[in-house]
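> need coordinates for the below:
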Amino acid sequence: MAVTALYVHVPFCAQKCRYCDFDSRSFSPCDLSAALDVYFEQLFARLDAFGKAGALDHIRTVYVGGGTPSLAGERLVELARRIRAWCAPVEFTCEANPESLTAELATALAKVGVTRVSLGVQTLDNTELTAIGRIHDADRAFAAIATVKNSGLDVSCDLMCGLPGQTAASWKRTLDGVLAAAPHHVSVYPLTLEEGTPLYRMACRDESVEPDEDFQASCMDVARERLGAAGYHPYEVASYALDGHECAHNIAYWTDQGYLGLGRSAAGMLDAEDFDRLVGLFPGVSSRGDSYRVRLVQRDDDATAFEAEYLSQREAAAEDLMLSCRMTGGVASDLLVRAACVIPADELAAACDRALELGLATWVPETLGVHEGPFTSADVVAGYVRARLAPTHLGWLDGNVLFELFWDLA
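Predicted coordinates:
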């Protein structure tokens, strides 16, 4: 589990959206600049500590998320420059919101080695944007997409379905508008109401604000159909890309790659060897004992407090299986065979069988023509047959049930 991915969190927003429960802060304009200066100096110090410890030597992907990283302006450019001084990622993503992404910022990011920008578009209906507390409008979203493309960067657009007041017709207009703008990548998420958010409190008073799951499923189906027809292939439960433009950073999360988190609320995942080598970077964290993997979350701005979760080898294997179910390709036979070394083979085969019985997954041979006869889940788990367990349409729409089947093996 080599450390190949770096996530950096920038927890600042011009205004917090009504659905958001991410760790982010909004400041008055007069206070924002000073707060950003202090926070980024802490990021720079933390980055240098990682680099000097050799933690960034093998980084292939970087993702700067938030919050709204584009709100940081030139500080974001300097962060990218400093990251590039320690490693040479093949993919470097920065999140941005349309209202704070300028042509000057996009050009500067491209010059220092950023390769893609993920834009929080959400919808192209201005009434819906207002309902969820976004401060850009559709015209600004279109302009931001064009700005990123003109700078030579890849652009990804985040969209949400099940928004207050959203209809089938407005969802189709949003999809058509995004397709006309021709980004390289699109992510589609159903709105979830998180307790404590303004939208959650609104839904407690007005049931019409509550997302309708059937409507959201219909929106997801329509998105898959229209995006697919336009050449965007689904490679993960929420993600569509033109060929060669998949998000390698997110794929690292779902395919058993180690990653580091930099900044408040940023999470990292290290195997035993990397944790033992880098534990000095995480003050106050206990030794891992016989744990196989450690998840770490930074809990303050200056990297003095961390939360650690220690996973056994069996828990790690179950998590790898669960995360693989997010991918359109599903769970590869090699992963199933490895998992059977720590999870009893009969339990693992039974979970696969249950996924088949519920119509959530199907076996897809990995080598055509080699195993043309019938085979069982036990045959794959034992390594006699090479086939991957791929989510079906139902498994894609009702992924949480599929995920739980494998996480319950922990």
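> C-alpha from now on. contacts and neighbour counts both.
Will do.
> helix or strand with the lowest mean pLDDT in the chain?
Every helix and strand in the chain was compared by mean pLDDT, DSSP states H and E; the lowest is strand 25-26, with a mean of 78.
> show me what it is in contact with.
With contact meaning C-alpha atoms under 8 Å, 6 or more residues apart in numbering, strand 25-26 is reached by 11, 12, 13, 14, 15, 16, 32, 67.
> chain center to that strand, what's the gap?
From the chain centre to the centre of strand 25-26 is a distance of 22 Å (C-alpha atoms, centre = their mean, to the nearest Å).
> same deal with stretch 72-85?
That offset, for stretch 72-85, works out to 21 Å (C-alpha atoms, centre = their mean).
> for it, buried residues please.
Neighbour counts over stretch 72-85 (16 or more other C-alpha atoms under 10 Å) mark 72, 73, 75, 76, 77, 78, 79, 80, 81, 82, 83, 84 as buried.
> list the contacts of the third one.
It stands for residue 75. Neighbours of residue 75 in contact, by C-alpha under 8 Å, 6+ apart: 37, 40.
> give me the pLDDT for the residue lying closest to residue 217 once chain neighbours are set aside.
Once flanking residues are discounted, residue 217 sits nearest to residue 397: 6.6 Å by C-alpha to C-alpha, 6 or more residues apart in numbering. Looking at residue 397, its pLDDT reads 91.
> relative to residue 332, how far out is residue 397?
Remark: distance between residue 397 and residue 332 (C-alpha to C-alpha, to the nearest Å) = 20 Å.
> next one: residue 273
25 Å.
> ok, these two, which is more surrounded?
Between residue 273 and residue 332, counting by other C-alpha atoms under 10 Å, residue 332 is the more crowded of the two (20 against 12).
> what's the next secondary structure element after whichever strand or helix holds residue 76?
Per DSSP states H and E, residue 76 falls inside helix 74-86. Beyond helix 74-86 on the C-terminal side, the first helix or strand identified by DSSP H and E is strand 91-96.
> show me what that next one is packed up against.
strand 61-66, strand 116-122 (3 or more C-alpha pairs under 8 Å, 6 or more residues apart in numbering; DSSP states H and E).
> next, format the ones you listed as JSON lines and append mean pLDDT and mean neighbour count.
Shown next, in JSON lines, are the helices and strands packed on strand 91-96 (pLDDT from 0 to 100; neighbours: other C-alpha atoms under 10 Å):
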{"stretch": "strand 61-66", "mean pLDDT": "97", "mean neighbour count": "24"}
{"stretch": "strand 116-122", "mean pLDDT": "97", "mean neighbour count": "25"}
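> looking at these, which is closest to residue 309?
Nearest to residue 309, of all the helices and strands packed on strand 91-96, is strand 61-66, at 22.2 Å by C-alpha to C-alpha.
> next, the angle strand 116-122 makes with that closest one.
30 degrees (axes from the mean of the first three to the mean of the last three C-alpha atoms, to 10 degrees).
> partner strands of strand 61-66 and their direction?
strand 3-10 (parallel), strand 91-96 (parallel) (DSSP bridges).
> save the ones you listed as a markdown table, and put in distance to residue 305, mean neighbour count and mean pLDDT too.
Putting those into a markdown table (distance: least, C-alpha to C-alpha, whole Å; neighbours: other C-alpha atoms under 10 Å; pLDDT from 0 to 100) gives the following:
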| stretch | distance to residue 305 | mean neighbour count | mean pLDDT |
| --- | --- | --- | --- |
| strand 3-10 | 15 | 24 | 97 |
| strand 91-96 | 25 | 24 | 98 |
